[in-house]
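Q: Quick one: sequence and predicted model below, then my questions.
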Amino acid sequence: MNRRSFIRNTFVSMATLIGMSGLSYYYAREIEPEMLRINNETITANHIPHSFNDFKIIQFSDTHVGFHYTEEQLTELVSKINKLKPDLIVFTGDLIDAPHEYKKTKQISEILYNLQAEYGKYWIYGNHDHGGYGTQLVHDIMEDAHFHLLQNSHIPIQRGQDEIILAGIDDVILGTPDLPATLKNVNEELFTILLAHEPDFADTTVNFPVDVQLSGHSHGGQVRLPFIGHLYTPTYAEKYIQGKYRFNQDKLLLYVNKGIGTTRLPFRFFCQPEIHSYTLKSNP
Ligand SMILES: [Fe+2]
């Protein structure tokens, strides 16, 4: 290779690299955050009552409205969730990225009010909801949207003569989580789902009569590189990052939702935003 072609090849390689990184930047900022994925999961257990066969629970998490996630996008999300015809909807925390800076609270509750589920809509606090003086503000938004708060409490979900338990714990980082209080007086024979914002809390949950823990918080890392995986996840999402985990010979299942929005940096790369759709199946 002569000197001129060496310089030309080096220049082309560098330009390609810069172009690629520019494309990756554009993709991670503008394209992937919009690529909502619906993850369908089937949960089968002996003690899911027959009347709950095909009961559909939709989980969405970590919308972080206000940080590169708009009210228009939230409206689209609501219509996508309604099209899935959920029986029950759960939101696992981090509604607004910085509650003390956010002004359009009324608009958010009007949008979320439109979510429809025959067996109700439930939510728990995440760290961003308590952070930034958001505790009361987010509480009021969700109440106006007809979401019921589970804060160290549980509720029976009844279908026909049967029931399952839906429980929710206060945020682990900035709240006062109390799992014994959450499950107080729960019949251990009943199928029990726990909402807990931070997935690593499953290491505690496994010692209690809980069948499934639904979490968010990790955002899947937001940026995942081939062969390497995530580069960063927040505290209490350092062990369990995304997808499904089994504990204690399937006594407890943990599902970690990668969330909808972004925080800190407005990027998603190999880490699409997602909704989880869980279909319950009783063993024959
Ligand atoms: Fe979050």
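A: Thanks, I have it. Numbers count the residues shown, from 1 in each chain.
Q: Going by C-alpha atoms from here, please, whenever you check contacts or count neighbours.
A: Noted.
Q: Show me which residues of the protein are close to the ion?
A: Residues of the chain lying close to the ion (CA under 5 Å from the ion) are 62, 217.
Q: one more time with 8 Å
A: Residues of the chain lying close to the ion (CA under 8 Å from the ion) are 61-64, 93-94, 97, 126-128, 216-219, 259, 261-263.
Q: Return the nearest residue of the stretch 151-284 of the chain with respect to the ion.
A: At 4.4 Å from the ion, residue 217 is the closest residue in the stretch 151-284 of the chain, using CA to the ion.
Q: OK, contacts around whichever residue of the stretch 51-200 of the chain sits closest to the ion?
A: Residue nearest to the ion within the stretch 51-200 of the chain (CA to the ion): residue 62, separated by 4.4 Å. Applying CA atoms under 8 Å, 6 or more residues apart in numbering to residue 62 gives the contacts 92, 93, 94, 95, 216, 217, 219, 259, 260, 261, 262.
Q: Need the residues that contact the strand or helix carrying residue 109.
A: Assigning secondary structure by DSSP states H and E places residue 109 in helix 105-113. With contacts defined as CA under 8 Å, 6+ apart, helix 105-113 is touched by 71, 74, 75, 78, 141, 142, 144, 145, 146.
Q: Confirm that the third one sits in a strand.
A: No: using DSSP: H, G, I helix; E, B strand; the rest coil, the assignment for residue 75 is helix, not a strand.
Q: Distance-wise, check it relative to residue 200.
A: Counting by CA to CA, to the nearest Å, the gap between residue 75 and residue 200 amounts to 31 Å.
Q: Which of these two has more residues huddled nearby?
A: Neighbours were counted for residue 75 and for residue 200 using other CA atoms under 10 Å; residue 200 has more, 22 against 17.
Q: Please tell me how far the more buried one sits from residue 104.
A: Separation of residue 200 from residue 104 (CA to CA) stands at 32 Å.
Q: returning to that earlier point: so how far is the helix holding residue 109 from its chain's centroid?
A: Here helix 105-113 shows a centroid-to-chain-centroid distance of 19 Å under the convention CA atoms, centre = their mean, to the nearest Å.
Q: What strands flank the next helix or strand after that helix, and is each parallel or antiparallel?
A: The helix or strand immediately downstream of helix 105-113 is strand 121-123, counting by DSSP H and E. According to DSSP bridges, strand 121-123 forms sheet pairs with strand 88-91 (parallel), strand 148-149 (parallel).
Q: Tell me where the stretch 51-200 of the chain has strands.
A: Listed in chain order, the strands of the stretch 51-200 of the chain (DSSP state E, counting those that start in this stretch) span 56-60, 88-91, 121-123, 148-149, 153-159, 162-168, 192-195.
Q: okay if I get the strands paired with strand 121-123 as TSV plus mean neighbour count and mean pLDDT?
A: Shown next, in TSV, are those (neighbours: other CA atoms under 10 Å; pLDDT from 0 to 100):
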stretch	mean neighbour count	mean pLDDT
strand 88-91	23	98
strand 148-149	20	98
